[in-house]
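Visitor: I would like to see how this sequence folds:
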Amino acid sequence: MAMFPPSLPHYFIEKYTKEGDVVFDPFSGRGTTVLEACLMNRKAVGNDKNILAYILTKTKCDVPSKGRIFSRIAQLEKKFKSTSINLNNENENIRMIFSDYTLKQLIYLKNNLKWRINTIDTFITAMVLGILHGNSMGYLSLSMPNTFSMSPNYIRNFIKKHELHRPNRDVFELLRRKLNRCYQQPEIKGKVYNQNATNMSYIKNESVHLVLTSPPYTRVIRYGQFNWIRLWFLGKTGKEIDEDLFFSQSLPKYCDFMSKVLNEIKRVLKLNGKAVLIIGDVKDRTSENIVNLADIVWKKCAEPLGFKLVEPIIEDIISDDSKVSRIWGDKKGRATQVERVLVLKKG
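Guide: Below is the predicted model:
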């Protein structure tokens, strides 16, 4: 959700850094900035408090060898065949999406992948998350309308309406296919942390040449809710994640949050280092007026901290066809078609 294309970070990384410089994304999401920095021979650092985003980013910037991944999949498959899995206590919302055959394999992997401490297991976990649900034979679920998680009631009605049946998909075989189809190993490895962006203690003072990120908007996307199936595999709930992430309709609270984030960005940036923030306009919930968040962040948060505006705020109009939220029609939320790029300098 809310991802930007690789061409955007590529442009600013090329413009404001050279090979060997440090590029940092404190809200790394699916890891686009971090991966692009690695591919461009920069030292990439990512961070995201959302554990799902942390895994996706880490997988893209710390890629094990293909042979070791295949060997680990084979090892897991062999051990699974001698393991008994009981489905009786499994969540009914999960059981309606996967066949018993597939779900037993998923539960085994859920319980045995050590993604917190093992890089190979982290990579395999990310591949499972990528093929967990969708609308083709390359996914493990019954045919789903989207690759992000619709609500259980929506899925239940979708199944009934289209008379869907849960297919028997082999997780291990689909993982091997995914690996053969998509594997790429950047020459440069990056680092990723799982911290609050208002207190990034693992990042050293004045160690970063460029910060490039898209911070959260005001109450636009519930990242946990829209990924509840993937979070099930990680042993989390959507509610847990959403309660842990910043989420507020209040502009004063948003400004307070962004001031703390920018204060940390100022701390980690080198003198004359740049910070590029991609911030979308949103609609006010009560008045329906368009709120220019980038301008507010500049005037109320960045300028008071001593940042300089490198160039006038850049406006980017996004077509409805390219926005993920178009599927909701009139219920697509408070995001608009306008994103703005705020380029700041630490002076």
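Visitor: how about low-confidence regions in the stretch 101-250 of the chain?
Guide: 217-224, 244-249 (pLDDT under 70).
Visitor: can you map out the strands along it?
Guide: In the stretch 101-250 of the chain, the strands defined using DSSP state E, counting those that start in this stretch lie at 191-193, 208-213.
Visitor: Looking at those strands, which one is packed in the most?
Guide: For the strands of the stretch 101-250 of the chain, average neighbour numbers computed from mean count of other C-beta atoms under 10 Å are highest in strand 208-213, which has a mean of 25. C-betas here are computed from N, CA, C, even on glycine.
Visitor: Could you pull out the helices in the stretch 151-300 of the chain for me?
Guide: 152-162, 171-182, 228-233, 238-244, 251-268, 293-297 (DSSP state H, counting those that start in this stretch).
Visitor: Can you point out the buried residues in the fourth one?
Guide: Yep, that's helix 238-244 we're talking about. For helix 238-244, a neighbour-count test (16 or more other C-beta atoms under 10 Å) marks G238, I241, D242 as buried.
Visitor: Distance to D281 for the strands of the stretch 101-250 of the chain - can I get that in TSV?
Guide: Output for these, formatted as TSV (distance: least, C-beta to C-beta, whole Å):
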stretch	distance to D281
strand 191-193	29
strand 208-213	17
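Visitor: for this structure, longest strand please?
Guide: For the chain, the longest strand by residue count, based on DSSP state E, is strand 269-283.
Visitor: Partner strands of that strand, with direction?
Guide: Strand 269-283 pairs in its sheet with strand 208-213 (parallel), strand 290-291 (antiparallel), strand 335-346 (antiparallel), by DSSP bridges.
Visitor: where's it relative to the chain centroid, distance-wise?
Guide: How far strand 269-283 lies from its chain's middle: 18 Å, per C-alpha atoms, centre = their mean, to the nearest Å.
Visitor: could you dump it to PDB, C-alpha only?
Guide: What follows is strand 269-283, C-alpha atoms only, in PDB (Å, rounded to 0.1, in the frame of the first residue of the first chain):
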ATOM      1  CA  LEU A 269      22.200  13.800   8.700                       C
ATOM      2  CA  LYS A 270      25.700  15.100   7.900                       C
ATOM      3  CA  LEU A 271      26.100  18.800   7.600                       C
ATOM      4  CA  ASN A 272      24.600  19.900   4.300                       C
ATOM      5  CA  GLY A 273      22.900  16.400   4.000                       C
ATOM      6  CA  LYS A 274      19.500  16.300   2.300                       C
ATOM      7  CA  ALA A 275      16.100  15.000   3.300                       C
ATOM      8  CA  VAL A 276      13.600  14.200   0.600                       C
ATOM      9  CA  LEU A 277      10.000  13.600   2.000                       C
ATOM     10  CA  ILE A 278       7.200  12.400  -0.300                       C
ATOM     11  CA  ILE A 279       3.900  13.600   1.300                       C
ATOM     12  CA  GLY A 280       0.500  13.400  -0.200                       C
ATOM     13  CA  ASP A 281      -2.400  15.800   0.200                       C
ATOM     14  CA  VAL A 282      -5.400  14.500   2.200                       C
ATOM     15  CA  LYS A 283      -9.000  15.500   2.600                       C
END
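Visitor: And that strand, what's buried?
Guide: L269, G273, K274, A275, V276, L277, I278, I279, G280, D281, V282, K283.
Visitor: Please apply the same query to stretch 92-105.
Guide: Neighbour counts using 16+ other C-beta under 10 Å place N93, I94, I97, F98, S99, T102, L103, K104, Q105 of stretch 92-105 among the buried residues.
Visitor: again with stretch 138-146
Guide: Neighbour-count burial for stretch 138-146 flags Y139, L140, S141, L142, S143, M144 (criterion: 16+ other C-beta under 10 Å).
Visitor: pLDDT wise, what is the spatially closest residue to R166 that is not a sequence neighbour at?
Guide: Excluding its sequence neighbours, the residue lying closest to R166 (C-beta to C-beta, 6 or more residues apart in numbering) is S99, at 4.0 Å. Note on S99: pLDDT of 97.
Visitor: list the contacts for S99?
Guide: By C-beta atoms under 8 Å, 6 or more residues apart in numbering, S99 lies in contact with R166, P167, N168, R169.
Visitor: circling back: nearest to N88 among the buried residues of helix 238-244?
Guide: Nearest to N88 among these is G238, at 23.6 Å by C-beta to C-beta.
Visitor: Next, find the distance separating the closest one from S141.
Guide: Using C-beta to C-beta, to the nearest Å, we find G238 at a distance of 17 Å from S141.
Visitor: sorry, back to before: of all the strands paired with strand 269-283, which lies closest to R177?
Guide: Of these, nearest to R177 by C-beta to C-beta is strand 208-213, at 33.0 Å.
Visitor: unless I'm mixing things up, I265 is touching P26, no?
Guide: Yes. The pair I265 / P26 is scored as a contact, 7.0 Å apart, by C-beta atoms under 8 Å.
Visitor: I am finished for the moment; much appreciated.
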